[in-house]
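Enquirer: I would like to see how this sequence folds:
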Amino acid sequence: MDAIELIAEAKKIVGFTGAGISTESGIPDFRSPNGIWARNRMIQYGEFVSSREARIEYWRQKLESWPEMREAQPNAGHYAFAELERQGRLRALITQNIDGLHQRAGSRNVIELHGTTVEAACLNCQHRISMDEAVRRVLAGDPAPECELCGGLLKPATISFGQSMPAREMQLASEAAGDCDLFLAVGSSLVVYPAASLPETAKYQGSKLIIINRTATPLDGMADLVLRDEIGTILPRLVGLDAC
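Expert: Residues are numbered from 1 along each chain as shown. You can find the predicted model right below:
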């Protein structure tokens, strides 16, 4: 059975996306030789909390990357997942990405495992403001902004290394992976845990597994199908979007 048939027959699909779907929208990934961490020092969560100098550097990096992130547009791969949701067959869309492009493409049931960079959140009271507002404050001379309500540390609402994964999102993702008939992993190297355990969960409970990624992943051996192609080219064809 090929990928088109597997997707066409599935009633409860769970999508899972990584950086590969967003690099096709011009957003650099983190781990590649030309990625974000190749150009910047990684600020881990503990250092962000304990050091004002680290917070200043963290926000400097955000100032550098935000314009590119803000101007990026969803690509055909993002719209393909939105089409599956429109068809009523996408149980959930789990993403490791922080760019909000799935929502901008029209997806509604998105589970963001690593948070979102379109907002900043207070680490004390959880009050949120838009990233545009946070960036304006930094540009206006506040290099490590704090919450205007309680004075707590303001941080992009993403999950940094050393920061706890969001319990609610992980629970929702685990439940979705345990209750699907097709798990569609797209653009992820499947090496970052606990997120990479989700396709395993799906497979163990009887789901079919399709992996679409440019390079090999550790889970290729358990997949029903592995496809190497440009996501924005192949995914719309697989879900029938190019025929709509």
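Enquirer: Going by C-alpha atoms from here, please, whenever you check contacts or count neighbours.
Expert: OK.
Enquirer: need the contact list for the most centrally placed residue in the chain.
Expert: Nearest to the mean C-alpha position of the chain, by CA atoms, centre = their mean, lies N97 at 1.7 Å. Contact analysis of N97 by CA atoms under 8 Å, 6 or more residues apart in numbering lists T17, G18, A19, S22, E112, L113, H114, G115, T116.
Enquirer: Now do it against L153, distance only.
Expert: With distances taken as CA to CA, to the nearest Å, N97 is found 23 Å from L153.
Enquirer: before we move on, what about G141?
Expert: Relative to L153, and taking CA to CA, G141 is found at 16 Å.
Enquirer: quick one: which of those two has more around it?
Expert: Comparing G141 with L153 by other CA atoms under 10 Å, the one with more neighbours is L153, at 21 against 9.
Enquirer: Now do the phi/psi pair for the closest residue in space to the more buried one that isn't next to it in sequence.
Expert: What sits nearest to L153 in space, not counting adjacent residues and going by CA to CA, 6 or more residues apart in numbering, is E146, at 4.8 Å. Per-residue torsions, E146: phi -120, psi 160 (degrees, to the nearest 10).
Enquirer: Please report how far E146 lies from G232.
Expert: E146 is 39 Å from G232, by CA to CA.
Enquirer: what do you get for R136?
Expert: In terms of CA to CA, R136 sits 33 Å off from G232.
Enquirer: likewise L154?
Expert: 35 Å.
Enquirer: ok, the two, which is more surrounded?
Expert: Counted by other CA under 10 Å, L154 and G232 do not tie: L154 has more neighbours, with 25 against 19.
Enquirer: Dihedrals phi and psi, that one?
Expert: Taking degrees, to the nearest 10, you get phi -100, psi 130 for the backbone angles of L154.
Enquirer: quick one, longest helix in this protein?
Expert: helix 52-71 (DSSP state H).
Enquirer: so where do the strands sit in the protein?
Expert: Applying DSSP state E to the chain gives strands spanning 13-17, 90-95, 110-112, 115-122, 128-130, 154-158, 182-186, 208-212, 225-227.
Enquirer: Which strands and helices lie in contact with the third one?
Expert: Packing contacts for strand 110-112, counted by 3 or more CA pairs under 8 Å, 6 or more residues apart in numbering; DSSP states H and E, involve strand 90-95, helix 167-177.
Enquirer: quick one: average pLDDT of that strand?
Expert: For strand 110-112, mean pLDDT rounds to 98.
Enquirer: chain center to that strand: distance?
Expert: How far strand 110-112 lies from its chain's middle: 8 Å, per CA atoms, centre = their mean, to the nearest Å.
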